[in-house]
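Student: build the 3D model from these lines:
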Amino acid sequence: MRVLLTARLALIRWEQRFQEDLIRLSSDERVMRFIGSGTWSRDYAVQRHELAIEQWERRGFGMRAITERDGDAFLGLVSLGDGHTPELEAPVLEIGWWVDPGAWGRGIATEAAAAARDEAFARLGASSLTACFHRDNLRSERIMEKLGMSFAGEVIDRYGQPARMYALTRSAWAPATS
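Tutor: Residues are numbered from 1 along each chain as shown. Below is the predicted model:
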């Protein structure tokens, strides 16, 4: 599915045109403050951009640009990827989001993440959805709770940093969509 639409947003399959947006977001210390890697170099951001395009070709899902539904303004990104949680029944997907600081405080992350959550279960057939965050990132924790996710434990993230994980199972999601 190329585009997911919400009341205010268009979530667009990651494309070449979003490369400079990813470079800009990933070099912004405000955006990357709670990402274990810290800011990214231009070269690394380009590599991740290319991997995002390849994931869509290979898997049919992945990173999506968040734009205004009635315009072209890039507001951030939301992503679905493979989760690595042996305690949960496979297939597990992991969700994440970054929002441009100019769009903070408008509910963009929650709206985009809710659409990605629904895609994970409805279109992609996930059994569980996870999300990890740095324990000081209380905004992300609130978004996870709004998505219906619950605390699932302390983990080490992909960058070797301590993080908190939240999870949502398909059976817990289904009643929320009725």
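
Student: mind checking the SS state of Ala163?
Tutor: Here Ala163 is strand, with the state taken from DSSP: H, G, I helix; E, B strand; the rest coil.

Student: and for it, the neighbour number?
Tutor: In terms of burial, Ala163 registers 20 neighbours under the definition other C-beta atoms under 10 Å. To be clear about C-beta, it is placed using only N, CA and C from the backbone, and glycine gets the same treatment.

Student: so it sits against Ile156, correct?
Tutor: Yes: counting by C-beta atoms under 8 Å, Ile156 is a contact partner of Ala163 at 6.9 Å.

Student: remind me which residues of this protein are low pLDDT?
Tutor: 1, 84-90, 175-178 (pLDDT under 70).

Student: go with 90
Tutor: The model of the chain has pLDDT under 90 over residues 1-2, 35-37, 70-72, 82-92, 135, 156-161, 174-178.

Student: this structure: strands as residue ranges?
Tutor: For the chain, strands defined by DSSP state E occupy the ranges 3-5, 9-13, 63-68, 74-82, 92-99, 128-133, 150-156, 162-169.

Student: what's the closest of the ones you listed to Gly38?
Tutor: Of all the strands of the chain, strand 92-99 sits nearest to Gly38, with 13.6 Å by C-beta to C-beta.

Student: what's the angle between the closest one and strand 162-169?
Tutor: 120 degrees (axes from the mean of the first three to the mean of the last three C-alpha atoms, to 10 degrees).
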